[in-house]
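Trainee: my questions concern the predicted model and sequence given below.
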2 protein chains.
Amino acid sequence: MQSDIYTASVELHAKHGGKLETKSKIPLTTKEALSLAYTPGVAEVSRRIATDPSLARSLTLKGNTIAVVTDGSAILGLGDLGPLAALPVMEGKAAIFKEFGGVDAFPICLTTQDPEEIIAIVKNIAPTFGGINLEDISAPKCFMIEERLRAELPIPVMHDDQWGAATVTLSALINALSLRGLTKEEARVVVNGVGAAGVAIGRLLHVYGIVNTIFCDSKGIIHAGRSDLTKEKKELLDGSALLLSEGSLADALAGAHVFIGVSKAGALTQAMVRTMALHPIIFGLANPTPEIMPDEAKAAGAFIVATGRSDFPNQINNSLVFPGAFQGMLRAGIPQFSNAVFIRIAEALARSVNTPSPEKILPSMFDEGVVALVSETVQG
Amino acid sequence: MQSDIYTASVELHAKHGGKLETKSKIPLTTKEALSLAYTPGVAEVSRRIATDPSLARSLTLKGNTIAVVTDGSAILGLGDLGPLAALPVMEGKAAIFKEFGGVDAFPICLTTQDPEEIIAIVKNIAPTFGGINLEDISAPKCFMIEERLRAELPIPVMHDDQWGAATVTLSALINALSLRGLTKEEARVVVNGVGAAGVAIGRLLHVYGIVNTIFCDSKGIIHAGRSDLTKEKKELLDGSALLLSEGSLADALAGAHVFIGVSKAGALTQAMVRTMALHPIIFGLANPTPEIMPDEAKAAGAFIVATGRSDFPNQINNSLVFPGAFQGMLRAGIPQFSNAVFIRIAEALARSVNTPSPEKILPSMFDEGVVALVSETVQG
């Protein structure tokens, strides 16, 4: 089945020569059309923008165009395959931007993997774009790159592996906790995996007010006694209201209400699920194979299960967020993303599910109006 | 009239929000389509490219996509207006690439104007692209940037202000000399202006075999006694078969058969034309106002007049070359441009005019088959 999809995908890509094309909005079939779209007419457009740079947003593609930037260092779950292998993924992302959000987007795959060089290049190519979507850049450098670009560029910058994932996860959690009858103050949440997604999920949970959190990496619970903590891990620890000490993921899960895995296939066992609080909420977001398969989780007592996959209920899918989020930022001319924006989106998406149930805690990206909802939420 | 075009152009740009859009070649309206165009199917495309990078040409947009790169340092005839003001011009160029050549193209407008930084950035963003069209980058740095990128990148690089201009000029000159009854060995040619276009025109003339050449810059004739010559000017001097000494443009023109101006409005007077050989050939390519207006040149004895404008006969227009040239390079997978390719294109374009006359020495970019002709010529 999976191999059929792989073969069909390669054939589709070969048939079309990739997925994205550029297109003139204006037919250039006459000298007159050319004299307006290009020289001599375009000279006046250039002069006006030179006088008032803000006009670039209304007179060029800048106002509706996003760069999808990667260095190929963390492609899907495949790891560091470099910029050429990243291109079909970035192209797909750009196609989704346009098809779902009406936002023009273009892939930029960089040869360098050096953070300072990535920052310098993105700043240098920024004039063409109204926003920057960072994609598949490995942790921990992705944090610094995003932080610096947000501070140093006048256009919105978002690392989707962080904030797309975190926003949809929070949205799903809002409905899941409500169905389970837990307040955000009561919920005890274990996050396994502290890469790009795990860090952003933790940050957003804390800002939202879910602070009974335990974070685990490959060495177990993140606690103050460890000497190997990155800046981001220390910050997550500081944001937690729990007093944590040494232990494994299994130790962390005892009595917890929620497991959020952004780690790897098989990280969660049925035995662990059984030690959690009654009717636990299990988000196994590893791709393509979740931390625990939904049927196994259910058999071990899980009340609600979500994964990253479209072939199970409750898909936690970044595509619910990024097309509408960038559309809203561009339309309203908002200079930069903030945690508050992501939380507003998460709440709006959660509310948009008419009658949440354990099998339906999120809207689908194919639901009519979901992009408009996100966009309008961003625009305030 | 001109101001009407300017107003209409600004309105057109405002109405459409620029000219270029991105588009998915594949409708993404179902989960199944998404699973092939994006995850999970796309993972296999990435894996295959990681194993064999040459597959990127057939499985992604790379095989048919050009970057139109500028630093905004020499926009049209407007000068250094920076990257934002350059964007509508680059967007127009990209639109022409697609509309005329079927080649996808995307504008990249850089903040930096430092040659080494430009080279580093273009090399870093190159994985996405099958070719690089450099545009509106000022001389003399444009020469070094192109030379370095050609040597250091595995994809074709062409500075269109140089080679587009030079190729069409040579093409026009081939038919003009034939009509005038002059061989390339006999023709005495004065080139006024030694910027990007002037240098490339000179280089191509010499390789083609037109070597009775005199080059003038703002200080007059370029000769061996001058201590202010750049590397490029020295090279042009070395390529000339004439023994040159100090003098003005007027001195250079005495007895010459051909004037090629890539300088500025009004640089050529009727008095100068009258000192040239009988029935001179006058190419006044300054934009938007030529070195001499066609009616004045004719009144002073000119046999054939060409300009850069679409509202006079014999438009010397880069658009005759670049869409077909890049299409041919991409289709044949030719690694780099060469002078030989440009000369072949110039000859093919000249031959394509069925019955050349003083009012018709070039095809029009709207002529059926002209892009295919250039493309096939490139492909050999």
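Mentor: All right, it came through fine. Numbering: from 1, shown residues only, chains lettered A, B, ... in the order given.

Trainee: and A:Gly284, bridged to which residues?
Mentor: A:Gly261, A:Thr307 (DSSP bridges).

Trainee: now do the contacts for it.
Mentor: Residues in contact with A:Gly284 (C-beta atoms under 8 Å, 6 or more residues apart in numbering or on different chains) are A:Phe259, A:Gly261, A:Leu268, A:Pro290, A:Glu291, A:Ile292, A:Met293, A:Pro294, A:Ala297, A:Val305, A:Ala306, A:Thr307. All C-beta atoms are positioned from the backbone trio N, CA, C, and that covers glycine.

Trainee: same thing with A:His257?
Mentor: A:Leu177, A:Arg180, A:Leu182, A:Glu186, A:Ala187, A:Arg188, A:Val189, A:Met276, A:Ala277, A:Pro280, A:Ile281.

Trainee: same check, this time on A:Pro107
Mentor: A:Leu20, A:Ala67, A:Val68, A:Thr70, A:Leu87, A:Met90, A:Glu91, A:Lys93, A:Ala94, B:Leu61, B:Thr128.

Trainee: how about A:Thr275?
Mentor: A:Thr275 makes contact with A:Ala250, A:Leu253, A:Ala254, A:Gly255, according to C-beta under 8 Å, 6+ apart.

Trainee: what's the answer for A:Leu61, then?
Mentor: A:Leu61 is in contact with A:Asp104, A:Thr128, B:Gly17, B:Gly18, B:Lys19, B:Leu20, B:Glu21, B:Leu87, B:Glu91, B:Pro107, counting by C-beta under 8 Å, 6+ apart.

Trainee: now with 7 Å, please.
Mentor: A:Asp104, B:Gly18, B:Leu20, B:Glu91 (C-beta atoms under 7 Å, 6 or more residues apart in numbering or on different chains).

Trainee: re the thing from before, return the closest of the contacts of A:Thr275 with respect to chain B.
Mentor: Lowest distance from chain B to the contacts of A:Thr275 (C-beta to the nearest C-beta) belongs to A:Leu253, with 28.0 Å.

Trainee: my guess is that closest one contacts A:Gly261. True?
Mentor: No. A:Leu253 sits out of contact with A:Gly261 when judged by C-beta atoms under 7 Å, with a separation of 10.7 Å.

Trainee: and A:Asp295, how many neighbours?
Mentor: Neighbour count for A:Asp295, taken as other C-beta atoms under 10 Å in any protein chain shown: 11.

Trainee: give me the residues contacting whichever helix or strand it is part of.
Mentor: Secondary structure assigned from DSSP states H and E places A:Asp295 in helix A:294-299. Contacts with helix A:294-299, where a contact means C-beta under 7 Å, 6+ apart, come from A:Gln270, A:Val273, A:Ile282, A:Val305, A:Thr307, A:Phe312.

Trainee: name the nearest of these relative to B:Leu149.
Mentor: A:Thr307 (45.6 Å; C-beta to C-beta).

Trainee: residues contacting that closest one?
Mentor: Counting by C-beta under 7 Å, 6+ apart, A:Thr307 touches A:Gly284, A:Leu285, A:Pro290, A:Pro294, A:Gln315, A:Ile316.

Trainee: what's the local residue count around the fourth one?
Mentor: Under the neighbour criterion other C-beta under 10 Å, A:Pro294 is assigned a count of 19.

Trainee: quick revisit: biggest separation within the contacts of A:Gly284, which pair?
Mentor: The distance between the two most remote of the contacts of A:Gly284 (C-beta to C-beta) is 13.7 Å, for A:Phe259 and A:Met293.

Trainee: more neighbours: these two, which one.
Mentor: Using other C-beta under 10 Å as the criterion, A:Phe259 and A:Met293 rank with A:Phe259 on top: 28 against 18.

Trainee: pretty sure the more buried one is in a helix, no?
Mentor: No. Applying DSSP: H, G, I helix; E, B strand; the rest coil, one finds A:Phe259 to be strand, outside a helix.

Trainee: OK, contacts around it?
Mentor: Shown in contact with A:Phe259 (C-beta under 7 Å, 6+ apart): A:Val190, A:Asn192, A:Leu253, A:Leu268, A:Met276, A:Pro280, A:Ile282, A:Phe283.

Trainee: cool, A:Ala165 as well?
Mentor: A:Ala165 is in contact with A:Ala197, A:Ala200, A:Ile201, A:Asn318, counting by C-beta under 7 Å, 6+ apart.

Trainee: quote the end-to-end distance of stretch A:329-337.
Mentor: Start-to-end span of stretch A:329-337 (C-alpha to C-alpha, to the nearest Å) is 8 Å.

Trainee: thinking again about what came up before, most surrounded residue in the contacts of A:Thr275?
Mentor: Comparing the contacts of A:Thr275 on neighbour count, A:Leu253 comes out first with 26 neighbours (neighbours: other C-beta under 10 Å).

Trainee: quick check, central residue of chain A?
Mentor: Central residue of chain A (C-alpha atoms, centre = their mean): A:Gly164, 2.2 Å from the mean position.

Trainee: what segments of the stretch 1-150 of chain A are strands?
Mentor: Along the stretch 1-150 of chain A, counting by DSSP state E, counting those that start in this stretch, strands occupy A:20-24, A:65-70, A:104-109, A:131-134.

Trainee: please save the CA atoms from the third one in PDB.
Mentor: Taking Å, rounded to 0.1, in the frame of the first residue of the first chain, the C-alpha atoms of strand A:104-109 are listed here in PDB:
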ATOM      1  CA  ASP A 104       1.700  32.400  -4.000                       C
ATOM      2  CA  ALA A 105       4.700  30.500  -2.700                       C
ATOM      3  CA  PHE A 106       8.100  29.600  -4.100                       C
ATOM      4  CA  PRO A 107      10.600  27.000  -2.800                       C
ATOM      5  CA  ILE A 108      14.100  28.200  -1.900                       C
ATOM      6  CA  CYS A 109      16.500  25.300  -1.200                       C
END
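
Trainee: that one to strand A:20-24, inter-axis angle?
Mentor: 130 degrees (axes from the mean of the first three to the mean of the last three C-alpha atoms, to 10 degrees).
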